[in-house]
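Visitor: quick one, structure for this:
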Amino acid sequence: MEHRYKKLCLSLGLGLNLTIASTTHWAAAHDHAHQGGIQTEASSKIKPDFDIFHTKITTEGNVAIFHIAVSGKAGKTKPSKSGKLAGSSVFSYVWPTTLDPSIVGFEPKSGILAFAVTSHPDFDDTPLFDENGDGNPNNDGNVWHSHWVVLQPDQACGKDALKVVDIPEGSKPRLPKTWPGLPILIDSPGWNPIFKGKTLEVRVPFDDIASIQSAGFDGVTTALRVNASVHAPLLCVSNVFKVASGNLSLPGKFNQ
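Guide: Numbers count the residues shown, from 1 in each chain. Here you go, the predicted structure:
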């Protein structure tokens with residue numbers, strides 16, 4: 001497990017356009033609305049809509065509340081539509097965790113489990129949900145929506161860069177019931193992201209909330225890109241805007 005996180009730190013530190021932010025964990029909150037969790041100093045070098053200053057995960061009953069706050073307006077900036085799947089962009093707010101992927105239905109130890117809120121106007125990967133309410137569940141990838149993804153480094157994405165893990169042709173790994181049918185380890189559970197000014201929150205239920213509360217987490221804003229040939233690696237991390245901890249050490253603890 002520890003080795004896996006060292007690889008993640010290496011990937012984001014050497015392979016991507018990582019902007020290191022000075023961070024104080026458990027320092028004074030940015031304001032009274034954002035207490036606890038990971039407090040991060042704002043940076044004028046980062047687009048405000050992705051400039052994380054607060055990340056936390058709390059629980060209420062069997063629900064975990066994933067929280068990120070930015071210095072701009074959360075969710076305001078989306079990728080431009082390219083008109084084709086190949087080479088298209090995905091913007092994301094991400095909570096990488098130390099949770100084992102099996103907790104949400106993937107194979108055990110298959111990679112780094114991360115919860116993500118994404119927007120991508122060139123394709124839709126939530127076939128069970130009609131986010132824009134127009135009666136067509138297949139045309140609203142641009143509307144912010146949630147995923148579980150499993151990440152691993154892949155040199156084909158760039159030096160030490162990360163990807164969403166591909167599913168090799170012919171293999172049949174364990175997958176969540178709401179897997180959208182893409183050949184990658186991604187789940188589209190339908191948990192609705194709520195944007196309010198600087199803040200993004202998602203309420204995620206768990207069968208056994210006690211089993212996850214010792215996990216660590218971090219906060220990341222990032223861009224991903226679909227492979228230009230639409231083959232593996234299908235979805236690579238192409239740019240990291242900001243890491244809440246500054247070094248992806250996953251220092252966050254639930255309810256702290």
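
Visitor: okay, now P205: neighbour count?
Guide: 11 (other CB atoms under 10 Å). To be clear about C-beta, it is placed using only N, CA and C from the backbone, and glycine gets the same treatment.

Visitor: what of G36?
Guide: By other CB under 10 Å, 18 other residues sit near G36.

Visitor: also the one 4 residues further on?
Guide: When neighbours are defined as other CB under 10 Å, T40 has 27 of them.

Visitor: same question for V230.
Guide: Here the number of neighbours of V230 (other CB under 10 Å) works out to 12.

Visitor: and the gap between it and A86?
Guide: 5 Å (CB to CB, to the nearest Å).

Visitor: and what of S238?
Guide: For S238, the distance to A86 equals 14 Å [CB to CB].

Visitor: so these two - more neighbours on which side?
Guide: Counted by other CB under 10 Å, S238 and A86 do not tie: S238 has more neighbours, with 18 against 13.

Visitor: tell me if that one really is in a helix.
Guide: No - going by DSSP: H, G, I helix; E, B strand; the rest coil, the assignment for S238 is strand, not a helix.

Visitor: now do the contacts for it.
Guide: L16, S89, C157, G158, A161, A223, L224, R225 (CB atoms under 8 Å, 6 or more residues apart in numbering).

Visitor: and the third one, what is it in contact with?
Guide: With CB under 8 Å, 6+ apart as the criterion, the residues that contact C157 are G15, K163, P233, C236, V237, S238.

Visitor: for it, give me phi and psi.
Guide: The phi/psi pair for C157 (degrees, to the nearest 10) reads phi -90, psi -10.

Visitor: in space, what's closest to it - neighbours in sequence excluded?
Guide: Ranked by CB to CB, 6 or more residues apart in numbering and with sequence neighbours excluded, the top spatial neighbour of C157 is C236, at 3.4 Å.

Visitor: same question, the last one
Guide: Counting by CB to CB, 6+ apart, S238 is the residue found nearest to R225 once chain neighbours are left out, at 4.1 Å.

Visitor: that neighbour and K172, how far apart?
Guide: On the measure of CB to CB, S238 and K172 end up 29 Å apart.

Visitor: and what of D208?
Guide: For D208 relative to K172 (CB to CB), the value is 26 Å.

Visitor: burial count for S44?
Guide: Using other CB under 10 Å as the criterion, S44 is surrounded by 7 other residues.

Visitor: next one, pLDDT for it please.
Guide: S44 carries a pLDDT value of 94.

Visitor: OK, contacts around it?
Guide: If you count contacts by CB under 8 Å, 6+ apart, S44 has none.

Visitor: element containing it, please.
Guide: Here S44 sits in a region with no helix or strand, counting by DSSP states H and E.

Visitor: any idea how far D140 is from it?
Guide: Taking CB to CB, one finds S44 at 33 Å from D140.

Visitor: again, but for G36
Guide: 34 Å.

Visitor: check V220 too.
Guide: For V220, the distance to D140 - CB to CB - is 24 Å.

Visitor: neighbour count: these two, which is higher?
Guide: V220 (25 against 19).
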